[in-house]
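Undergrad: The amino acid sequence is not available; the structure is as follows:
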């Protein structure tokens, strides 16, 4: 029964993501690694792992006192390719947009919906409560709270997207890998700072992204799009 529910959910997710901005996932749901089979379940409410989650939640609240970092965290909460381009263009070393870098845009657009297929089912399966719900405290993004309450916390979809983006952009421009990856780490940390995710959600999101990154390299369509993205970057760089 669980397998039937999983496939129905993933099929629905695939159909909805395919319709978003003409995005085309690199894999069907059946072709994706199933996180329930290899990613640890979220920590229960006792033990060292959950204690660490609570400590990191408190750390995140402290970081809100740093206005510059808090502002970045709020910007990172906007789940969109536009946000990704805005935040990663500087560390990447090139201004990215749908118009200016269409091949890089297509690569990241299709990677985004592929991420959503991978993380969507465990979110639905675990239905983990987010930290702001458990502590009954506000987040830094109050307008997001109604939708966050309806969406499972584990793993972090924002983090999966941010870390996948960092890995892909580092492959396109390896000379800037250090700054790109540093920004990717910050993107995940932002979810803890705003109060939307536990640290273990973020860790699972990075793990999901790393597995997805490796898996995408088995797709001929992905490899061709990556080739086009790298060629586009090189042509822009020499101008």
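TA: Sure, I can see it. Keep in mind it's a predicted model, so treat the numbers as computed, not measured.
Undergrad: buried sites along stretch 180-189?
TA: 180-181, 183-184, 186-189 (16 or more other Cβ atoms under 10 Å). Where you see a C-beta, it was placed from the backbone N, CA and C, and this is true even at glycine.
Undergrad: actually stretch 118-138, sorry about that
TA: 118-126, 128-133.
Undergrad: quick revisit: relative to residue 112, which of the buried residues of stretch 180-189 is nearest.
TA: Checking those against residue 112 by Cβ to Cβ gives residue 187 as the nearest, at 13.2 Å.
Undergrad: picking that back up, can you lay out the buried residues of stretch 180-189 as JSON lines showing secondary structure?
TA: Shown next, in JSON lines, are those (DSSP: H, G, I helix; E, B strand; the rest coil):
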{"residue": "180", "secondary structure": "helix"}
{"residue": "181", "secondary structure": "helix"}
{"residue": "183", "secondary structure": "helix"}
{"residue": "184", "secondary structure": "helix"}
{"residue": "186", "secondary structure": "helix"}
{"residue": "187", "secondary structure": "helix"}
{"residue": "188", "secondary structure": "helix"}
{"residue": "189", "secondary structure": "helix"}
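Undergrad: quick check, nearest of those to residue 200?
TA: Of those, the one sitting nearest to residue 200 (Cβ to Cβ) turns out to be residue 188, at 11.6 Å.
Undergrad: Let me know the secondary structure of residue 179.
TA: Note that with three-state DSSP, the state of residue 179 is helix.
Undergrad: Contacts only, for it.
TA: Residues counted as contacts of residue 179 (Cβ atoms under 8 Å, 6 or more residues apart in numbering) are residue 91.
Undergrad: roughly how far apart are it and residue 70?
TA: Per Cβ to Cβ, to the nearest Å, residue 179 is found 21 Å from residue 70.
Undergrad: which residues sit against stretch 101-110?
TA: Residues from elsewhere that reach stretch 101-110, judged by Cβ under 8 Å, 6+ apart: 21-26, 81, 84-85, 94-98, 165, 168, 172, 222, 225-226, 228-229, 231-233, 236.
Undergrad: Filter these down to the buried ones.
TA: 23, 25-26, 81, 84-85, 94, 96, 165, 168, 172, 222, 225-226, 229, 232-233.
Undergrad: Just the element for residue 87, please.
TA: If you go by DSSP states H and E, residue 87 is part of helix 81-92.
Undergrad: so how far is that helix off the chain centroid?
TA: A distance of 13 Å separates the centroid of the chain from that of helix 81-92, by Cα atoms, centre = their mean, to the nearest Å.
Undergrad: Next one, pLDDT for residue 16 please.
TA: Model confidence at residue 16, given as pLDDT, is 48.
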